[in-house]
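*Asks:* Need the 3D shape of this:
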Amino acid sequence: MQGKKLLIVEDDADLREGLHFSFVGDGYEVADAGTRREGLKEIQKGGYDLVLLDCNLPDGTGFELCKEVRKFSAVPVIMLTARDTEMDEIKALELGADDYLSKPFSLGVLKARMKKLLHGRTEAAVITSGSIAVDKGACKVYRDGNEIFLGKQEYRLLVYLMENKNHVLSKEQILARIWDSEGKYVDDNTVSVNISRLRAKIENDASGPEYIKTVHGVGYIWKEV
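*Replies:* This is a model prediction of the structure:
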């Protein structure tokens, strides 16, 4: 599909090269990675429309990578595995994969599933509120059409607030969703410090915020402007 950017995370060099050649011929812009680490690094850059992810990688599993990616990106993921088991398929889908194929697979079937996912990636992957827009697939944030750059936790916090706009979120809810899910120790000031950082980047006046309002004694709310 012309203009679409695809990432192949596969340790089998022959398969990776074969897929790369075929997809370039179809008009995709294609990048490759042979390890979990390389794959994560590429996905963190953003801009990919779809990821093909092998379940077995030399430095970890595709399941682990998929779980990590879902903490910051909604990019469509099709997982590939040499094991045709129901449990693997269930695990992949539960961890956030959009589809699953067992090797050996039909290239035609793979391409058909890819097209279906790409056609289904509509405006639902973009969240907007007032002058703020978040492209979840590319992990990019814009204010008045200009890109602004957020840290990983700031980005996740922004998405969580915007997806729950006009609903009060307690500090406990935010901690559980953004930090505790990673098993990280945080203190009582973690939420307020990151809220302040986020306001400084997205608000016209951080001292008088339009979007992220404090609900004293409870938490925070994203107000639609």
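*Asks:* Name the residues of stretch 94-110 that come out as buried.
*Replies:* Buried residues in stretch 94-110, defined by neighbour count with 16 or more other C-beta atoms under 10 Å: 95-101, 110. Quick note: C-beta positions are derived from backbone N, CA and C, even for glycine.
*Asks:* now what about it, what contacts it?
*Replies:* For stretch 94-110, contacts defined as C-beta atoms under 8 Å, 6 or more residues apart in numbering pick out 19, 22, 52-53, 63, 66-67, 69-70, 76-84, 88-89, 92-93, 113, 117.
*Asks:* got it, and stretch 128-144?
*Replies:* Stretch 128-144 is contacted by residues 44, 46-49, 72-76, 121, 125-127, 145, 147-150, 155, 158-159, 162, 165, 202, 210-211, 222, 224-225 when judged by C-beta under 8 Å, 6+ apart.
*Asks:* Can you say which of those residues are buried?
*Replies:* Among the contacts of stretch 128-144, the ones that count as buried by 16+ other C-beta under 10 Å are 46-49, 72-76, 121, 125-127, 150, 155, 158-159, 162, 202, 210-211, 222.
*Asks:* now, which of those lie within helices?
*Replies:* Within those, residues falling in helices by DSSP state H are 155, 158-159, 162, 202.
*Asks:* Take those residues and lay them out in TSV including distance to V191.
*Replies:* As requested, these are exported to TSV (distance: C-beta to C-beta, whole Å):
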residue	distance to V191
Y155	15
L158	13
V159	15
M162	16
I202	16
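*Asks:* What ranges does the protein have for its helices?
*Replies:* Using DSSP H, helices in the chain cover 13-25, 36-45, 62-69, 86-94, 107-120, 152-163, 171-174, 190-202.
*Asks:* mind giving me the domain ranges of this protein?
*Replies:* 5-121, 124-222 (automatic domain parsing).
*Asks:* among those domains, which is the most enclosed?
*Replies:* Stretch with highest mean neighbour count among these: domain 5-121 (a mean of 17; mean count of other C-beta atoms under 10 Å).
*Asks:* and the gap between L15 and L80?
*Replies:* 9 Å (C-beta to C-beta, to the nearest Å).
*Asks:* Could you do Y211 as well?
*Replies:* When Y211 is compared with L80 (using C-beta to C-beta), they lie 40 Å apart.
*Asks:* Also F72?
*Replies:* To L80, F72 is 22 Å away according to C-beta to C-beta.
*Asks:* again, but for E64
*Replies:* Counting by C-beta to C-beta, the gap from E64 to L80 is 15 Å.
*Asks:* try K45
*Replies:* For K45, the distance to L80 - C-beta to C-beta - is 22 Å.
*Asks:* tell me the contacts of Y160?
*Replies:* 169, 174, 177-178.
*Asks:* let's go with 10 Å and repeat that
*Replies:* Neighbouring residues of Y160 by C-beta atoms under 10 Å, 6 or more residues apart in numbering: 169, 173-174, 177-178, 222.
*Asks:* again, but for I178
*Replies:* Applying C-beta under 10 Å, 6+ apart to I178 gives the contacts 71, 152-157, 159-160, 184, 186, 190-191, 194.
*Asks:* what about stretch 48-66, how long is it end to end?
*Replies:* Using C-alpha to C-alpha, to the nearest Å, one end of stretch 48-66 lies 14 Å from the other.
*Asks:* quick one: it to chain centroid distance?
*Replies:* Centroid separation between stretch 48-66 and its chain, computed with C-alpha atoms, centre = their mean, to the nearest Å, is 13 Å.
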